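Participant: No letters, just coordinates:
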DNA sequence: TCTACCATGTAATCTGTTACATGATTGC
DNA sequence: GCAATCATGTAACAGATTACATGGTAGA
């Protein structure tokens, strides 16, 4: 249900069409949020029938026609109401790397470290990008800027942790696995 | 698809039945991972037909009968193969609070701070719990212990960020919103 | 010519969530 | 008597992902 509100939020800044909405989400939140046309176009239609947005067909000469969506008064109200209703659930994190990580004790140390190293490379690349972009965010509204800060903080924390994990795994012996049975206490 | 591997992973420690699997995931990863019977029981059945686990009916006198699942050799192999295939995607975070946060510029400062304060309370409660549990993890295998560390680090980072955000928002004026239009540069 | 980008959409599929049904035991 | 815990399951629904279809323009 939240994509609907993400769209309504973005339309506060500017009238937009589906393609641009996806592009925008990917550019700005792509490292942690994923979206696709299969969600956007049906949701735009639904928002229109619910009277939260209106549509305007725009013909273009050097590009395919597009459909500009803009907020209605009702859309603005619905959004504002949602904005300050306390979030119904906590943060959900799903990471195929971390899911593997907790079970690395069932494999060999070498392979674990290989996968961890790949993660370090990924997060380092990401951090570099974030640092390049931070200037862009610096002049935006407080909230957008703070979100960019969070991204940086998160990235730095992950790298610190990954490196610490790598070091500890390196010095540990393979036999440490045996202790894991105590993981279960019933 | 990853719940299947999570189950296979847990069965490495101990033979288990569906109810216990859910309990376990909730107890240990409940702050970031959610699971329900609608996923567990069908997946256990599927794993059985695929020959990755076998089932044993256990009758109990003072409790309902249960179905113990245990790994097969094929299950163990399939799991190990998965364990060291590089993760196909990055981390996905979905948080109804953060989704609201980026749009707080479209509301009033007072309401924003109220929601932020609620988050601070939540994360403080969580941090307290994590600190209590950390002793329990300390004697586990390296990877499980490191995961617990990550949870702590994450929690502390979020709290630091939330408090910093709160302070900055407090001293900012409502008019700062106007700048947000530059968020879009196309 | 081929690739990339612009732009909209749908169908099939897969995943995840909620709600319901069943029923025994234990503790307050 | 009531709530909680143990235990298994299904059906309906909601949400997300993948793959496909269409077709124009710009640039290498």
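Facilitator: Good, I have the coordinates. Not measured: the values here are computed from a predicted model.
Participant: can you list the domains in chain A?
Facilitator: A:2-83, A:96-175 (automatic domain parsing).
Participant: For residue A:58, grab phi and psi.
Facilitator: Backbone torsions of residue A:58, given as degrees, to the nearest 10, read phi -120, psi 120.
Participant: Kindly report the same for residue A:56.
Facilitator: When quoted as degrees, to the nearest 10, the phi and psi of residue A:56 stand at phi -140, psi 130.
Participant: Any chance of CSV for the domains of chain A, columns mean pLDDT?
Facilitator: Shown next, in CSV, are the domains of chain A (pLDDT from 0 to 100):
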stretch, mean pLDDT
domain A:2-83, 94
domain A:96-175, 93
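Participant: Now that we have these, can you turn them into CSV and tack on mean neighbour count and distance to residue B:9?
Facilitator: Where C-beta positions appear, they are placed from N, C-alpha and C, glycine not excepted. Shown next, in CSV, are the domains of chain A (neighbours: other C-beta atoms under 10 Å in any protein chain shown; distance: least, C-beta to C-beta, whole Å):
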stretch, mean neighbour count, distance to residue B:9
domain A:2-83, 16, 24
domain A:96-175, 17, 4
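Participant: Redo those domains as CSV? Include distance to residue B:57.
Facilitator: Formatted as CSV, those follow (distance: least, C-beta to C-beta, whole Å):
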stretch, distance to residue B:57
domain A:2-83, 42
domain A:96-175, 27
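Participant: Of all those, which one is nearest DNA strand D?
Facilitator: domain A:2-83 (2.6 Å; C-beta to the nearest atom of the strand).
Participant: What's the separation between residue A:71 and residue B:105?
Facilitator: Going from residue A:71 to residue B:105 by C-beta to C-beta, to the nearest Å gives 15 Å.
Participant: Repeat that for residue A:149.
Facilitator: Residue A:149 sits 15 Å away from residue B:105, going by C-beta to C-beta.
Participant: ok, now residue A:73?
Facilitator: Applying C-beta to C-beta to residue A:73 and residue B:105 gives a distance of 19 Å.
Participant: Which helix or strand contains the most centrally placed residue in chain A?
Facilitator: Note on chain A: the residue nearest the mean C-alpha position is residue A:32, at 2.0 Å, using C-alpha atoms, centre = their mean. Using DSSP states H and E, residue A:32 is not contained in any helix or strand.
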